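Engineer: I would like to see how this sequence folds:
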Amino acid sequence: MPVPSAIDHHATSYSLPLAHSLAQAAGLAYQDEAAIGEQAAHWGFDRVRHHHTRFTPPFPLQDTQAYTIASDHMIITAFRGTEPAQIRDWLSDATTPPWPGPARTGYVHYGFGEALESVFPAVKKTLEELRTNGQTVWFTGHSLGGALAILAGARLYLEEPKLRADGVYTFGQPRTCDRLLAEAYNKGFRNRMYRFVNNNDIVPQLPPEPAYTHVDTLRYIDSSGKVRESVSLLGGLGDRVKGMTADAFAPASDGVRDHSIKKYIAALEKNLT
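Structural biologist: Next up, the predicted model:
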């Protein structure tokens, strides 16, 4: 199967080509506005909106960034992530209080809640303005961006059902919410939510359980780069050990290397060929 050079604006359900496209969109969120606009046009999207909020100390992140691109058939909102070392430090802080979940359903990590709150009104307003033709709506993000994508989807589903996303695809997403919100999400986004984890990526292992958990559905990228729709506990452990020992000179850094959005894009591209 050839690797697609453009995004299929008529996609309506899960596929590896769509996952590859949304991983590219998540990676694009790290670029500046000019680069985002240029690539969006190349993909066939003629409307672009940027969402950017800066924070002041003591919030551990400097800012929250996202963009929304739209065509006559498809809308994508992609949230930017952050560096592995930075997100690892503040996700590991057990003293951080919880933030109430959407529609008071469960709770989420405080950093995620505050970060999303800073841009969500603009994202919601943009979707209301741009969704004039019944377009499909997709949320995506890598790392912190994945957490924001899933929470944006949850807020629309629980607070504004008419704007519910057609799909949410995340890459290297940390644990984001408690079990109550995860269960509500799994119910509302069955066959709509896909969480990709690349082998030993450290970020999906944070924050620690049991306070926070993951939603379904996992798509695991094994040590050989193959996307697996299911993996047993024993098989997953064995594959992670295999991934750690692939680089005999730096096994401890495997979790950080595997977190790169470029690794996710490359693995998905490999699965297409």
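
Engineer: Quick check: Tyr14 touching Arg190?
Structural biologist: No. Counting by C-beta atoms under 8 Å, Tyr14 does not reach Arg190; the two are 11.3 Å apart. Any C-beta I mention is one placed from the backbone N, CA and C, and that applies to glycine too.

Engineer: the more surrounded of the two?
Structural biologist: Tyr14 (16 against 10; other C-beta atoms under 10 Å).

Engineer: So Val48: helix, strand or coil?
Structural biologist: Using DSSP: H, G, I helix; E, B strand; the rest coil, the structure places Val48 in strand.

Engineer: which ones are touching it?
Structural biologist: If you count contacts by C-beta atoms under 8 Å, 6 or more residues apart in numbering, Val48 has them with 36-37, 40, 67-70.

Engineer: One more pass at 6 Å, please.
Structural biologist: Residues near Val48 by C-beta atoms under 6 Å, 6 or more residues apart in numbering: 37, 40, 69.

Engineer: after the worst-scoring helix or strand of the chain on mean pLDDT comes which helix or strand?
Structural biologist: For the chain, the helix or strand with the lowest mean confidence is helix 233-244, at a mean of 48 (criterion: mean pLDDT, DSSP states H and E). Proceeding N to C from helix 233-244, the next assigned helix or strand is helix 254-257, under DSSP states H and E.

Engineer: So which elements touch the helix or strand that that following helix is followed by?
Structural biologist: Once helix 254-257 ends, the next helix or strand along the chain (criterion: DSSP H and E) is helix 261-272. Counting by 3 or more C-beta pairs under 6 Å, 6 or more residues apart in numbering; DSSP states H and E, the packing neighbours recorded for helix 261-272 are helix 16-28.

Engineer: buried sites along the helix it packs on?
Structural biologist: With burial defined by 16 or more other C-beta atoms under 10 Å, the residues of helix 16-28 counted as buried are 17-28.

Engineer: what's the most distant pair in the residues you listed?
Structural biologist: Maximum pairwise distance in the buried residues of helix 16-28, criterion C-beta to C-beta, is 16.7 Å, between Pro17 and Leu28.

Engineer: Could you measure from Leu22 over to Arg80?
Structural biologist: 14 Å (C-beta to C-beta, to the nearest Å).

Engineer: give me the number of residues near Ala35?
Structural biologist: 11.

Engineer: Find the nearest non-adjacent residue to it, please.
Structural biologist: Distances taken as C-beta to C-beta, 6 or more residues apart in numbering place Leu28 nearest to Ala35, at 7.3 Å, with adjacent residues excluded.
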